[in-house]
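*Asks:* The sequence and its predicted three-dimensional model are supplied below.
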Amino acid sequence: MQFEIREHTPLAFLLAVPLVAVLCSMLLASLLILWAGQSPLQGFALIFEGAFGSSFAITETLAKTTPLIFTGLAAAIAFKAKFWNIGGEGQLYCGALAITWLGTGMIDLPPILMIPFLILIGMIAGAAILMLPVFLKNKLKVDEVVTTLLLNFIILLFVGYCLEGPLKDPMSLGWPQAEPIVDSGVFPALIERSRLHIGLIFALLAAVVTWAIFRFTLWGFEIRAQGLNAVAARHAGINSNWTILKVALLSGGLAGLAGVSEVAGLKGYLTLDISPGYGYTGIAVAMLANLHPLGVVLSALFLASIFVGADFMGRSIGVPNFIADIMVACSVLCILIGLLLCKYKIRFNFSSKVAN
Amino acid sequence: MQLSGCPFYYSIKKTAMPILEIENISKSFASVVANKEISLSLDQGEILALLGENGAGKTTLMNILFGQYRADSGQIKAWGKVLPANSTDAALKAGIGMVHQHFTLAENMTVLENVMLGTQSLFALRSNTTGARRKIENICRDMGLTIALDQLVADLSIGEKQRVEILKALYRDAKILILDEPTAVLIPQEVEGLFKMLRKMQKSGLSVIIISHKLDEVLAISQNIVVLRQGERVAHVATASVDRDALAELIVGKKVIQPTIHELPPGEPILQLKQVNLFHDAKGKYRLKNINLTLRAKQIIGIAGVSGNGQRELAEVISGVQKISSGSFEIQQQDCRKKSIKQLTKLQVARIPEDRHSAGIVGEMSVWENLMLEDLGSAPCWSRGIWIKSSAAKERAAQLIEKFDIRCANMQMPAKLLSGGNIQKLILARNLQLLPKLVLANQPVRGLDEGAISFVHQQLIDAKVSGSGILLISEDLDELLRLSDFVQVMHNGELSRAYPRDELTPKLLGILMSGGKITAATDHTLTDTDSALADTGS
């Protein structure tokens, strides 16, 4: 078996890769559903019904899509510059913590100012915490994978401390949760009596802005050049430290925004479980989208629907909803294989076995 | 592999039939035909030269011969028997040894250990160094190789490292030696030593295939020449029956016109380095020591030197990648010691980087995007504030592609798919279109074919005529002596004085490059050896 580099990849091939990857992951998941003693067709029908079957299902899916778009964009931007920010989860909690600190009564503005203020604060917090790994990387060449990943746990423990101590809501009956965000800061709902809030609009806006940055600006050009060939970028006068700093500010800011949207939009107050690993899932979202900002929206929607739908399936026929995680993992692996096949062609040499 | 106790190993029995026959080998990669129906044969004791431009298929053919690629069709016979395809093992067993252009030696081991590496069973309890040492000593004596077996490879010169590579092949009982561009890294004196050795090997029955693009050397050493062009064999001739010009025409397929050189009165100083030092980060050693250099407008200064003597550091300092430790560094009378790469670009410094693939282009990006890379710092025509005006950028790219004859299917294709020559044209295009004051050309034609070389040289000469000062760093002595007004030689991080071109010959450069000094005596003896060489060559 040999790999040969493709000279060009047909566009149809590139578009087919995510679809085929999803199909493969469904195929693998159907084996597991079979194992659980249910019909895969029924299982997938239930997943679909759970994700899109009613207006409630759709709003739930979109509500879950929102943070995944933010963290997916955060990962996609950073990975484009080959800055491996694995700390989306921590940055998300930083954003959430910052607006809890300032937005639960310390500062109160009219809604038209309060919401942008909270967004700004959350972004600054998410970006600020990422400055430490950036500093360590740029000055001391410390690998950012390690620092960003480990910071997640530090931040999570710190949030835990805050919720048990200084930020604990006295009215919470002992639960580790913070006071609710002031009314003027709560994101209005998009649809009455649903959990879907305007955070989704912000997320879509963020995706478009990010796409425009990469497509139309010098800065996006520099980030792409830096990510694709750091040596050539350096020789062309692109300051890699600056580029990484700017990328980190944007990436951390978007991850922080995910925290803002969850606290101010979905839940109303900070708890330790506002994110079931959105920061990490964002990496899968970004990979599935091949780091394309607009693709992130689609892949976030796909992942959210799998998660929401699998929950429904679990409740209906008792197939464990862990299947969602397996499907997500499979589709990411499949897409990585697919992208490899976009770059290389496999050639089988059956004759060589005979000769040997 | 077993050690043989035979003391005179290379008393190979002479045979009349060809010992190696390559029959109708074809190989293509995707749509590119690398080898098309190539046949050749090699007799015992023959030195065969394989000539061709970059991408003509020489390396592919040798890789097929050595079992690293599988041919699409055709077969190879060694000693009359068909060699199984795609098996390096079989090639080694048939006595085929390959010396690659880039050495594959373990620097932290001795010569002896390097030669023995991989030849002993993993389950042997102790290595048989005495037997190996005796065998190597015998080979060295038979072949006239001199080398200290217990020296660390890291301490060897380039020429000595090459000898170790050859020794490795001979130790594995190679009877057919393939040398890939063996003289590319050697100074003229070392080339002479290598050729002496090859002739001795030839006498004891070894056959050699030598891949090269240096015509004079090929004419001096080989008996037969095979020329490949675009994957096809275009000639298989006796060396005695061709001359340099005929050979050059065979290789390129048309007459190559060398650009004419213009003597111009130099202008004002562009680049001035005074007593520049660059210290090593850790050890406190010098990487550049007391460099003095003045480059004027309308002047080309060549920097010669064996690679690794500080040329890279010098280039990095002038392009702004490295900051100097002490001394003064001025471009157009402006202090540039602390200037960033972008600021230097604004001072109209153009750079042609040494490694064009890794430092010159972003391979995944399209051709038109790569054409924008250099002028990021200079508020170019294709930008408005932070926005890229892609239509303007593409329009300019189209102009550059036409003006510099960059051959690409379209400007959207990724730059990595361009050929080496076209990549270099792309880099030249985006650098020279800014009408730079200073052009830093580091190995600008390394690995390019004749056509591309003369194009690059023409561009450099045009830049000189239009008023640029050009610093040409090269390991190609012919190039240096043809283009430069003055040549300075780097050795161990130090730079010699500027020698006018007329005062220099390749021989003299060789002495300077190996750290020697030119005196009246060496001058004299050199002219003698020169004429002696000319005698043997003709």
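*Replies:* Nice, I can see it. Note that the coordinates shown come from a computational prediction; the quantities given were computed from them, not determined experimentally.
*Asks:* Would you check that my belief about B:Ala315 contacting B:Leu438 is correct?
*Replies:* No: in terms of Cβ atoms under 8 Å, B:Ala315 does not count as a neighbour of B:Leu438; the distance is 12.0 Å. All C-beta spots, glycine's among them, are computed from the backbone N, C-alpha and C.
*Asks:* what pLDDT does the residue nearest in space to the middle of chain B get?
*Replies:* Central residue check for chain B by Cα atoms, centre = their mean: the C-alpha nearest the mean position is that of B:Ala184, 4.6 Å away. As predicted, B:Ala184 sits at a pLDDT of 75.
*Asks:* near chain A, which residues of the stretch 301-450 of chain B?
*Replies:* Within reach of chain A by Cβ under 8 Å from any Cβ of the partner chain, the stretch 301-450 of chain B has these residues: B:319-321, B:340-342, B:344-345, B:351, B:353, B:358-365, B:369, B:372-374, B:376-377, B:383, B:386-388, B:390, B:413, B:417.
*Asks:* switch the cut-off to 6 Å
*Replies:* Residues of the stretch 301-450 of chain B found near chain A, taking Cβ under 6 Å from any Cβ of the partner chain as the criterion, are B:341-342, B:345, B:353, B:358-359, B:361-362, B:364, B:373-374, B:376-377, B:383, B:386-388.
*Asks:* List the ones among those residues that fall in helices.
*Replies:* Among those, the residues falling in helices (DSSP state H) are B:341-342, B:345.
*Asks:* can you redo these as CSV with distance to B:Thr119, neighbour count and pLDDT?
*Replies:* CSV is the format used below for those (distance: Cβ to Cβ, whole Å; neighbours: other Cβ atoms under 10 Å in any protein chain shown; pLDDT from 0 to 100):
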residue, distance to B:Thr119, neighbour count, pLDDT
B:Ile341, 48, 20, 88
B:Lys342, 53, 16, 85
B:Thr345, 52, 24, 86
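*Asks:* Thought B:Pro269 was touching B:Leu438, still the case?
*Replies:* No: with contacts counted by Cβ atoms under 6 Å, B:Leu438 stays clear of B:Pro269, the gap being 10.5 Å.
*Asks:* Of the two, which one has the most company?
*Replies:* Between B:Leu438 and B:Pro269, counted using other Cβ atoms under 10 Å in any protein chain shown, the more crowded position is B:Leu438 (22 against 16).
*Asks:* Quick check: phi and psi at that one.
*Replies:* phi -120, psi 130 (degrees, to the nearest 10).
*Asks:* can you pull the pLDDT of it?
*Replies:* As predicted, B:Leu438 sits at a pLDDT of 93.
*Asks:* Check B:Ala16 too.
*Replies:* For B:Ala16, the model assigns a pLDDT of 67.
*Asks:* same check, this time on B:Gly310
*Replies:* Model confidence at B:Gly310, given as pLDDT, is 87.
*Asks:* Can you give me the first-to-last residue distance of stretch A:101-117?
*Replies:* End-to-end span of stretch A:101-117 (Cα to Cα, to the nearest Å): 13 Å.
*Asks:* actually stretch B:168-184, not the one I typed
*Replies:* For stretch B:168-184, the first and last residues are 19 Å from each other (Cα to Cα).
*Asks:* starting at the chain centroid, how far to that stretch?
*Replies:* A distance of 18 Å separates the C-alpha centroid of stretch B:168-184 from that of its chain, computed with Cα atoms, centre = their mean, to the nearest Å.
*Asks:* same deal with stretch B:433-442?
*Replies:* Averaged C-alpha coordinates place stretch B:433-442 at 23 Å from its chain's average position (Cα atoms, centre = their mean).
*Asks:* quick one: low-confidence ranges for the stretch 1-150 of chain B?
*Replies:* B:1-16, B:30-31 (pLDDT under 70).
*Asks:* show me where it has strands.
*Replies:* Assigned strands in the stretch 1-150 of chain B, in chain order: B:20-29, B:32-42, B:47-52, B:73-78, B:81-82, B:96-99 (criterion: DSSP state E, counting those that start in this stretch).
*Asks:* closest one to B:Ala235 among those?
*Replies:* With Cβ to Cβ as the measure, strand B:47-52 is the member of these nearest B:Ala235 (8.6 Å).
*Asks:* Format the CA atom coordinates belonging to that closest one as PDB.
*Replies:* Backbone C-alpha positions of strand B:47-52 (Å, rounded to 0.1, in the frame of the first residue of the first chain) are rendered in PDB as follows:
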ATOM      1  CA  ILE B  47      32.500   5.100 -14.700                       C
ATOM      2  CA  LEU B  48      29.200   6.100 -16.200                       C
ATOM      3  CA  ALA B  49      27.900   9.600 -15.800                       C
ATOM      4  CA  LEU B  50      24.100  10.300 -15.600                       C
ATOM      5  CA  LEU B  51      23.400  13.800 -16.600                       C
ATOM      6  CA  GLY B  52      20.200  15.800 -16.700                       C
END
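*Asks:* Contacts for it, please.
*Replies:* Here strand B:47-52 makes contact (Cβ atoms under 6 Å, 6 or more residues apart in numbering or on different chains) with B:42, B:58, B:202, B:208-211, B:218, B:221-228, B:251.
*Asks:* Pull out the buried members of those residues.
*Replies:* With neighbours counted using 16 or more other Cβ atoms under 10 Å in any protein chain shown, these contain these buried positions: B:42, B:58, B:202, B:208-211, B:218, B:221-222, B:224-228, B:251.
*Asks:* check which helix or strand covers the residue nearest to B:Ser366 when sequence neighbours are not counted.
*Replies:* Nearest in space to B:Ser366, with sequence neighbours left out and distances taken as Cβ to Cβ, 6 or more residues apart in numbering or on different chains, is B:Gln412 at 5.0 Å. Here B:Gln412, judged by DSSP states H and E, is contained in no helix and no strand.
*Asks:* try A:Leu130
*Replies:* Per DSSP H and E, A:Leu130 falls inside helix A:111-140.
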